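Colleague: here's my sequence, what's the structure:
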Amino acid sequence: MRDPITSRILGACFGVYRELGWGFLENVYHRALEIALLRSGARVEREASIPVRFRGELVGEYKADLLVDNAVIVEVKTAVRLSNVHRAQVLNYLKATRIETGMLLNFGPRPAFERLVFRNDRKEPQPLRF
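Modeller: Sure, this is the predicted structure:
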């Protein structure tokens, strides 16, 4: 079954790519994607704050490019191709939140996307076993 939120995000992504093509800076695509998603009826938060905690203490904070319908973190790239560094960034955002789904969108020479899932039941720290 298709997820309606990620389907909406992909539709907006490819619409933006068709109209703008590639070559702009990431912030242009952030804003264009935000506009497309808002016009499709989605709730969008740009630069959503993601606090990172270690043993209950705040140790840092990230800003996700977009948070859609309070359910999907979207990270926008303008790279030649997506890399493991980009994937790790999205997975870390998911790890730091109760959100389970992330979308990695690339507005490079060829549009590309990846849907990443990190289930909440896997986020709880596991005791080390020796």
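Colleague: quick one, what contacts the residue most central in space within the chain?
Modeller: Nearest to the mean C-alpha position of the chain, counting by C-alpha atoms, centre = their mean, stands residue 74 at 2.0 Å. Applying C-beta atoms under 8 Å, 6 or more residues apart in numbering, one finds that residue 74 lies in contact with 9, 33, 64-68, 102-103, 105. Glycine gets a C-beta too; all of them are placed from N, C-alpha and C.
Colleague: among those residues, which ones are in helices?
Modeller: By the criterion of DSSP state H, membership of the contacts of residue 74 in helices covers 9, 33.
Colleague: can you flag the buried ones in the contacts of residue 74?
Modeller: In these, burial by neighbour count holds for 9, 33, 64-68, 102-103, 105, counting by 16 or more other C-beta atoms under 10 Å.
Colleague: with these in mind, which one is nearest to residue 119?
Modeller: Nearest to residue 119 among the buried ones among the contacts of residue 74, counting by C-beta to C-beta, is residue 102 at 12.1 Å.
Colleague: dihedrals phi and psi, residue 27?
Modeller: The main-chain torsion angles of residue 27 are listed as degrees, to the nearest 10 and equal phi -60, psi -30.
Colleague: which residues does stretch 52-60 contact?
Modeller: Outside of stretch 52-60, the residues that reach it under the criterion C-beta under 8 Å, 6+ apart are 51, 61-62, 92, 96.
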